[in-house]
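Engineer: Based on what follows, work out the 3D shape:
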Amino acid sequence: MSYQNQTKHTDYSLVISILILTVFGLIVLSSASTIIGLTDFNDGYYFLKHQLLKGVLPGLILFFIFLKIPHRWWQKYYRWALVLAVLLLSLVFIPGLGSTLESHAYSWINLGFMSFQPSEVAKLLLIIYLAGWLNNLKTGGLKNFKTGFLPFIAILGLVGGLVALQPDLGTMVIVILIALGIYFSAGASYYNLGLLFALGGGLIFALIKAAPYRFRRFLVFLDPTLDPLGAGYHIQQALLAIGTGGFLGLGLGHSRQKFQYLPQAYGDSIFAVMAEELGFVLTAVFIIFLIIFILRTLQLASHNQDNFVKFFAVGVAVWIGGQALINIGAMLGILPLTGVPLPFVSYGGTSVIVILTACGMLANMAKN
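Structural biologist: Alright, predicted model coming up:
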């Protein structure tokens, strides 16, 4: 058998895990968003329809398109990824173009016929750029302060700074995690990593302290019983939903907390509704498939001699895994609330499109 025939095959465990997570997310969203859909749009399936038409469908189209594009193309034009990321993140500050939608953050670009969240796109573009940049660094360049550390700080500061100015602390944390994950996998020195963690932690704490609502969230994280009708209301309702679900759950469609008790039941808090309706067993099944996806992605990184593929796969694994961990941890009360959506499940067309696009690129790399 030729080398080509041996290596060009579809990673079915990766593709199947992506498909199951996507379908699982749609099922949970269809139930979690029913009440708010009826209340605001007189249509219980409003959010499901939008997720399908403006998220999953275009995402699947891009999945199959990017499945056919060789990763060498992205490796060749990686510099343009950073240019595009900075451009998109800057456009949200243009009056009339940037919009706030439900939050107070300028995180959206409204083109009239469509709106999208550039920070979600920037996550994937940052991964492409860092994978290409680190792949092209000369031997020893990464551990050099001038050629490795300072440029990395500049790149992270540029992208993370634009996200922080929106302001979107949750997305900024994910951007930092992605960058540090790729930087570590490239062989960065422990001294530089320690310095980066110290700088990042100090910056995040400063941003928390600077905004009263963030600081209240942080205090509630330290003491969940603090201000139960104010800043602590969200986490109290989430814990109530998860506890009510028990081992087997109340059954799909039977959540009580989604009756506008739990804020953002179809978005950032959807894991709590999932746990309430499906219980520990089926929620654990979802987490297992999420872990399978992450492990297959990391396996692609560890078994590949192409550094661009390695760094890209690590970036995607840290992105999806870190975002899921932060979202679930916040709902369980073991991490502060940051407004980070649950991958594959939370409502948001841009997030679904970008995740499925990244999955198409991963599938192409696994196949080749």
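
Engineer: Can you tell me the SS state at Gly249?
Structural biologist: Of the three states, Gly249 takes coil under DSSP: H, G, I helix; E, B strand; the rest coil.

Engineer: Does it touch Leu278 like I think?
Structural biologist: Yes: between Gly249 and Leu278 there is a contact under CB atoms under 8 Å: 4.5 Å. From N, CA and C alone the C-beta is placed, and that goes for glycine too.

Engineer: what about the two, which has more around it?
Structural biologist: Each of Gly249 and Leu278 has its neighbours counted (other CB atoms under 10 Å); Leu278 has more, 24 against 20.

Engineer: Looking at the more buried one now. What's its pLDDT?
Structural biologist: Leu278 carries a pLDDT value of 95.

Engineer: and the gap between it and Val354?
Structural biologist: For Leu278, the distance to Val354 (CB to CB, to the nearest Å) stands at 26 Å.

Engineer: give me every residue that touches the residue most central in space within the chain.
Structural biologist: For the chain, Gln323 is the residue whose C-alpha lies nearest the centre (CA atoms, centre = their mean; 4.6 Å). Residues near Gln323 by CB atoms under 8 Å, 6 or more residues apart in numbering: Ile174, Val340, Pro341, Leu342, Pro343.

Engineer: show me what contacts Arg296?
Structural biologist: Contacts of Arg296 by CB under 8 Å, 6+ apart are Asp11, Ser13, Leu14, Ser17, Ala366.

Engineer: Strands of the stretch 201-350 of the chain, residue ranges please.
Structural biologist: For the stretch 201-350 of the chain, strands defined by DSSP state E, counting those that start in this stretch do not occur.

Engineer: In it, where is pLDDT below threshold?
Structural biologist: Under the criterion pLDDT under 70, the flagged ranges of the stretch 201-350 of the chain are 213, 224-231.

Engineer: still on that earlier bit, of the contacts of Arg296, which is the nearest to Ser189?
Structural biologist: Ser189 lies nearest to Ala366 out of the contacts of Arg296, by CB to CB, at 30.3 Å.

Engineer: Hmm, Leu300 and that closest one touching each other?
Structural biologist: Yes: shown here, Ala366 and Leu300 form a contact pair, counting by CB under 8 Å, at 5.3 Å.

Engineer: what is in contact with these two at once?
Structural biologist: Asp11, Leu14.

Engineer: biggest separation within the contacts of Gln323, which pair?
Structural biologist: Using CB to CB, the contacts of Gln323 span at most 12.4 Å, a distance reached by Ile174 and Leu342.

Engineer: Give me the nearest residue to Leu14, chain neighbours excluded.
Structural biologist: Sequence neighbours aside, Arg296 is the residue nearest to Leu14 in space, at 4.5 Å (criterion: CB to CB, 6 or more residues apart in numbering).

Engineer: measure the one you found to Phe247 for me?
Structural biologist: 29 Å.

Engineer: do Ile109 as well
Structural biologist: 44 Å.

Engineer: Out of these two, name the residue with the larger neighbour count.
Structural biologist: Using other CB under 10 Å as the criterion, Ile109 and Phe247 rank with Ile109 on top: 20 against 7.

Engineer: Pretty sure the more buried one sits in a helix.
Structural biologist: No: the assignment for Ile109, made by three-state DSSP, is strand rather than a helix.

Engineer: In the top helix by length along the chain, which residues are buried?
Structural biologist: The longest helix of the chain (DSSP state H) is helix 270-302. In terms of neighbour count (16 or more other CB atoms under 10 Å), helix 270-302 has its buried residues at 270-279, 282-283, 286, 289-290, 292-294, 296-301.

Engineer: Now find how far off-centre that helix is within its chain.
Structural biologist: Distance, stretch centre to chain centre, for helix 270-302: 14 Å (CA atoms, centre = their mean, to the nearest Å).

Engineer: cool, and stretch 210-219?
Structural biologist: Worked out by CA atoms, centre = their mean, stretch 210-219 lies 22 Å from the chain centre.

Engineer: SS state for Trp80?
Structural biologist: Following three-state DSSP, the label given to Trp80 is helix.

Engineer: can you count the residues close to it?
Structural biologist: Residue crowding around Trp80 was assessed by other CB under 10 Å; the count is 14.

Engineer: And Ser17, by the same measure?
Structural biologist: Counted with other CB under 10 Å, the neighbours of Ser17 add up to 23.

Engineer: quick one, what contacts Asn307?
Structural biologist: If a contact means CB under 8 Å, 6+ apart, then Asn307 has Ala131, Leu134, Asn135, Ala186 as its contacts.

Engineer: ok, 10 Å please
Structural biologist: Asn307 is in contact with Gln75, Ala131, Gly132, Leu134, Asn135, Asn136, Leu137, Ser185, Ala186, Gly187, Ala301, counting by CB atoms under 10 Å, 6 or more residues apart in numbering.

Engineer: so what's Ala198 scoring on pLDDT?
Structural biologist: For Ala198, pLDDT reads 84.

Engineer: before we move on, which element is it in?
Structural biologist: Using DSSP states H and E, Ala198 sits in helix 190-210.
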